[in-house]
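In: following is a predicted model, sequence given first.
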Amino acid sequence: AVVSTQSTGEEKMSSEGKMKAVVFLSSTRTGESYLGTGSWGDRVGAVIKEVLEEAGFEVSVWDPKKNDYPGLVQPMHMVKDTSIFPQWMHDKKAELENADAFFVCSAEYNSALPPALVNMIDHYPPVAYRHRPVALLTYSVSPLGGVRVQPPLKTLVSELGMLSIPTIGRVSQVRDKFVDDILQDDSIRDSIMKQAKELSWYAQALKTYKAGTPIPS
């Protein structure tokens, strides 16, 4: 359908269907530790999913604890016979290709990106990510909120051809922000909603433009 330049985002969304977003989680922590029970990223990720859905996205969450990616030997695009990969990995690749936007929720392990996050993302070719916007959010139990991994995270998504939106999220002292898995700090939710709205704006703008102007080859 042709969308008028005066149309609102809601009108575009209703005429074209919901925008699709893939959320990448990063932590493989389970069980008890001195940091608490389970992964704080699961809690933050649940808030991200809820907010993105409220903003109009259809959301798929990629969790390295549930998607059992092997240690990377060869990414899918470097292998001639891709039938060696299980069907679920092909299904995940299709999710990437059909996504309108991405959201990365990253922990900080030893001042670096979590290996499981990078391993999961690196299994797929850059073309599966390219020319779509991405929102970035980091968290940690320290007051810095994972800020030390934001530069390498921006480098990673940029190298894959994603376009990082201006607002980057940060959740500091994350274990103090939840009680019984419920977020207690409304400012964090507000910040994620700001990211969701920016992500929607960029995703809609790029999708509309690409519909009439092919991506340069």
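Out: Cool, the structure landed.

In: quick check, central residue of this structure?
Out: The C-alpha lying nearest the average C-alpha coordinate of the chain belongs to residue 103 (Cα atoms, centre = their mean; 2.2 Å).

In: for the helix or strand containing that residue, name the packing helices and strands.
Out: Taking DSSP states H and E as the criterion, the element that holds residue 103 is strand 101-106. Packing contacts for strand 101-106, counted by 3 or more Cβ pairs under 8 Å, 6 or more residues apart in numbering; DSSP states H and E, involve strand 19-24, helix 40-54, strand 133-139, helix 150-159, helix 186-212. No exception for glycine: its C-beta is placed from N, CA and C like everyone else's.

In: which of the ones you listed sits most buried?
Out: strand 133-139 (a mean of 27; mean count of other Cβ atoms under 10 Å).

In: give the other helices and strands that that one contacts.
Out: Contacts defined by 3+ Cβ pairs under 8 Å, 6+ apart place strand 133-139 against helix 40-54, strand 101-106, helix 150-159, strand 163-164, strand 169-171, helix 186-212.

In: next one: that strand to chain centre, how far?
Out: 6 Å (Cα atoms, centre = their mean, to the nearest Å).

In: try stretch 200-217
Out: With Cα atoms, centre = their mean as the basis, stretch 200-217 stands 19 Å off its chain's centre.

In: surely the residue nearest to the centre of the chain meets residue 47?
Out: No - in this structure residue 103 lies outside contact range of residue 47 using Cβ atoms under 8 Å: 11.2 Å.
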